[in-house]
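Engineer: pasting the sequence and the predicted coordinates here, then a few questions.
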Amino acid sequence: MKTSAAVAAAAATVPALSGVAAAHFPVELDIDVQPGNDDNFVDLNEHEYVSVAVHRSVFLNGDGERETFDPTEREVAYRLGSRTALDDGAGARPTENGEVTETTTGHGEAAETTESLVLSFPVAETGLETGDDTVWLYWERDDSGEHGYAGVDTVSVYGGTPPADELVGLLRRLLRG
């Protein structure tokens, strides 16, 4: 379970940025992009797939009741990508149903082992761009794709085509030079 100022800031701004979408996909999922890699980098030119671990999450649902989301017991109905891609109904779907792995947290008598689901997503379908610093995962509650839960993690995205503002800045520097 990772915490980060960037993830907290991104999650806090979700309602302000997306209005209705945030209400339909509250941020409740505990995810880890590139499990085992603390840098969470995605190279758009080199990586064909990005792996994401979905951990068991416990939270208060919209009715104020405690709910447990166990990804090993839920339908594999995920989309991964940039927030914009997911809000537009796009994003990458997992290549298969994933692999169940065991995760141990805590030490000694406080140690707890739970199962997580590790999924693989095609990078080219995520909508990620160079410079992105967060990646979102939506779990869709039903076939409409309009309701479910979300998770977010920090990433460093490299490669690919530079964003348009970088290209404009480069062109301006060349013309002045």
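Structural biologist: Yep, that arrived. Numbering: from 1, shown residues only.
Engineer: who does the spatially most central residue of the chain bridge with?
Structural biologist: Residue closest to the average C-alpha location in the chain (CA atoms, centre = their mean): residue 136, at 2.8 Å. Beta bridges link residue 136 to residue 81, residue 152, judged by DSSP bridges.
Engineer: now do residue 113
Structural biologist: For residue 113, the beta-bridge partners under DSSP bridges are residue 104.
Engineer: which residues does residue 112 contact?
Structural biologist: Contacts for residue 112 (CB atoms under 8 Å, 6 or more residues apart in numbering) come out as 104-106. For the C-beta atoms, the positions are set from N, CA and C on the backbone; glycine is no exception.
Engineer: wait, the residue nearest to the centre of the chain sits on residue 81?
Structural biologist: Yes - using CB atoms under 8 Å, residue 136 is in contact with residue 81, at 6.5 Å.
Engineer: so what sits against both of these two?
Structural biologist: Taking CB under 8 Å, 6+ apart as the contact rule, residue 136 and residue 81 both touch residue 91.
Engineer: separation between residue 173 and residue 92?
Structural biologist: 34 Å (CB to CB, to the nearest Å).
Engineer: same deal with residue 38?
Structural biologist: Note on residue 38: its distance to residue 92, by CB to CB, is 22 Å.
Engineer: who has more neighbours, the two?
Structural biologist: Neighbour tally, residue 38 and residue 92, criterion other CB atoms under 10 Å: the higher count belongs to residue 92, 25 against 8.
Engineer: mind listing the helices for the protein?
Structural biologist: 5-18, 20-24, 83-87, 164-176 (DSSP state H).
Engineer: least confident of the ones you listed, on average?
Structural biologist: Here the helices of the chain differ in mean pLDDT, and the lowest is helix 5-18 at a mean of 44.
Engineer: so who does residue 147 touch?
Structural biologist: Residues counted as contacts of residue 147 (CB under 8 Å, 6+ apart) are 24-25, 140-141.
Engineer: export those residues to a markdown table and tack on distance to residue 151?
Structural biologist: A markdown table is the format used below for those (distance: CB to CB, whole Å):
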| residue | distance to residue 151 |
| --- | --- |
| 24 | 14 |
| 25 | 9 |
| 140 | 13 |
| 141 | 14 |
